[in-house]
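Chemist: Predicted model and sequence follow; I will ask about them next.
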Amino acid sequence: MFVHLRLHSEFSVVDGTNRIDEVVKAAAADQQPALAITDINNLFGGIKFYKEARGKGVKPVLGAEIYLESLTQDAAQTSRMVLLVQTHQGYLNLCELLSRGWTQNVHKAVAVIKLEWLQELSQGLIALSGAQAGAVGQALVQGDKFVARNIQDLVHPTILCNGGSLQSDACLFTCAFSLNSLSLTGPTASTKW
């Protein structure tokens, strides 16, 4: 079973060309149980996606890929993170985060979410690390495991990786973490998967 959790649609204006009706049709044809759209800094396609997916028997997962303020010493460096809606409160919180970004913290024509907002409005959201565009991924690409570990500890992840241990680069690079709890609730660093 496969489920897309990071998919940009035509509503990610400069980044996505996938039409919602076409991707939902393809997911239904592949018998995928669910599908997420995570357009960049917006939920503009949410209603269209929700109706289309429900109509084809695919569970819609709403989300957005956000730009997150720097978690390192370099204040100009932003990272990306995918936020998925888990509950109704999560939907409201994601809407609030995006609204604050666009009204209170726009840099170079991009809404940037502050870490304190994310911590305040984390209930009902699931965060994906952002792979190489995320803060942990950027540190690993630069070969700095120490910074990667510090960033990971800052957001207190619950590891949902498949394979490897918490110490492995691959696990750090692809891990997902829930923002509902600000304490480590998953396996410890010594846990073997």
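Modeler: Looks like it arrived, so ask away.

Chemist: name the helices or strands packed onto the lengthiest helix in the chain?
Modeler: With DSSP state H setting the assignment, residue counts place helix 88-104 as the longest helix in the chain. Under the contact definition 3 or more CB pairs under 8 Å, 6 or more residues apart in numbering; DSSP states H and E, helix 88-104 sits against strand 59-68, strand 79-85, strand 110-113, helix 115-120, strand 125-128. Backbone N, C-alpha and C define where each C-beta goes, glycine included.

Chemist: so which of those gets nearest Ala148?
Modeler: strand 79-85 (11.6 Å; CB to CB).

Chemist: in that closest one, what's buried?
Modeler: Ser79, Arg80, Met81, Val82, Leu83, Leu84, Val85 (16 or more other CB atoms under 10 Å).

Chemist: residues contacting the second one?
Modeler: Contacts of Arg80 were listed using CB atoms under 8 Å, 6 or more residues apart in numbering, and they are Glu65, Ile66, Tyr67, Leu68, Gly130, Ala133, Gly134.

Chemist: Any figure for the gap between the nearest residue to the second one once chain neighbours are set aside and Glu96?
Modeler: Read it as Ile66. With sequence-adjacent residues excluded and distances taken as CB to CB, 6 or more residues apart in numbering, Ile66 is closest to Ile113, at 4.9 Å. Noted for Ile113: a distance of 10 Å to Glu96, by CB to CB, to the nearest Å.
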